[in-house]
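**Student:** compute the structure for the input listed below.
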Amino acid sequence: MATAHMQEDWTVQAALDWTVSYLEAKNDEHPRRSAEWLMSAATGLSRIQIYTFFDRLLSGDERSLLREGVRRRALGEPLQYVTGEVAFRHIVVHIERGVLIPRPETEVLVDVGLAAVDEAIEARGEARILDLCCGSGVIALSIANERPLATVVATDIDPKAVALTRRNAQALYLQDRVEVYECDLASALGDDSLGTFDLVISNPPYIPTAELSTLPQEVSGFEPRIALDGGVDGLEVFNRICSLAQGYLRSGGMLACELHENTLAQAASYCVKWYQQVEVVRDLTNRDRILRARHP
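**Tutor:** Numbers count the residues shown, from 1 in each chain. Just a heads-up that it's a prediction; the model follows:
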């Protein structure tokens, strides 16, 4: 492979320029961004520092790491899996294959959830949150990071996701306020958790099964199906969450879920059976994305 020809005396600038050119030829949609992240992962330099240390020579280990990263990215592997981290709101978390990569639209979900958290803190001086299908933990950890008076219980059915969320919580020193359980939705929570949460929030699997084949190869070929497949109508997991959340929310608490843009109307019509103030919130691209509802 061409990466084997990377010179032993390459500077940061030379290696960066070569990587951009190579990934561009491999049809990387954003070759410079990819090259910068790969260089950062290989050298420990921030993306800004890369441009202030242009003349620094890469060590042998750095060249090896960069070569391996370029090889994986050129094969279409998502950049986040290659570098092993992703920035989300005000935190950076570890990410690995087998766990869903956080998306920018989920940051909007956190904004919606924080409104309920702030209401609870104003009323009672604290807030308690239940994050279902937590994945890498970015929702739970962002809320805990941004609201020191909040405590979060996070759950996921996938042991790999649970282990990763726990590691991320420890890395961010949030393990004292973020409890993580491996279970199907809230099945591991005892009766003493009923009626204690101010917010139930989730980014569940929501892609309708028939649409999985239309996803980009970078998604369908690498990200876990269990975190994507929402069943025939995309609402299989949401419907369960909508039903069980009633038992865990305090009176006046909020349910907030990220869903597929084409399923929000159906989800809202289902939700009005039990909730009040059912609303659909749009994402950063102005698409229907978030459902929020108030428990009576």
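
**Student:** so the closest residue to Arg225 other than its chain neighbours, which state does it fall into?
**Tutor:** Distance criterion CB to CB, 6 or more residues apart in numbering; nearest residue to Arg225, sequence neighbours excluded, is Leu212 at 7.1 Å. C-betas here are computed from N, CA, C, even on glycine. Secondary structure, DSSP: H, G, I helix; E, B strand; the rest coil: Leu212 is helix.

**Student:** give me the number of residues near Leu212?
**Tutor:** Burial of Leu212 is recorded as 14 neighbouring residues (other CB atoms under 10 Å).

**Student:** looking at it now. What's its pLDDT?
**Tutor:** The per-residue pLDDT reported for Leu212 equals 93.

**Student:** separation between the residue nearest the centre of the chain and Gly60?
**Tutor:** For the chain, the residue sitting closest to the mean C-alpha position, by CA atoms, centre = their mean, is Pro102 at 2.3 Å. Applying CB to CB, to the nearest Å, the value for Pro102 to Gly60 is 33 Å.

**Student:** would you mind identifying the next helix or strand past the strand or helix carrying Met39?
**Tutor:** Using DSSP states H and E, Met39 sits in helix 31-43. Sequence-wise, the next helix or strand beyond helix 31-43 is helix 47-52, with elements assigned using DSSP H and E.

**Student:** what residues does that next one touch?
**Tutor:** Contacts of helix 47-52 with the rest of the structure, by CB atoms under 8 Å, 6 or more residues apart in numbering, involve 12, 16, 36-37, 39-40, 43.

**Student:** looking at these, which is nearest Asn286?
**Tutor:** Using CB to CB, Trp37 comes nearest to Asn286 of the contacts of helix 47-52, at 27.3 Å.

**Student:** pairing partners for the helix or strand hosting Glu279, with directions?
**Tutor:** Glu279 is located in strand 276-282, with elements delineated by DSSP H and E. The strands beside strand 276-282 in its sheet (DSSP bridges) come out as strand 288-294 (antiparallel).

**Student:** just the CA trace of the partner strand, in CSV.
**Tutor:** In CSV, the C-alpha atoms belonging to strand 288-294 read as follows (Å, rounded to 0.1, in the frame of the first residue of the first chain):
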residue,chain,number,x,y,z
ASP,A,288,-38.0,17.0,12.6
ARG,A,289,-35.8,15.1,15.1
ILE,A,290,-36.8,15.3,18.8
LEU,A,291,-40.1,14.5,20.6
ARG,A,292,-40.7,15.9,24.0
ALA,A,293,-43.7,15.4,26.2
ARG,A,294,-44.8,16.3,29.7
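
**Student:** domains for the protein, by residue range?
**Tutor:** Residue ranges for the domains of the chain, per automatic domain parsing: 2-83, 99-294.

**Student:** TSV for those domains, including distance to Arg89?
**Tutor:** Shown next, in TSV, are the domains of the chain (distance: least, CB to CB, whole Å):
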stretch	distance to Arg89
domain 2-83	15
domain 99-294	5
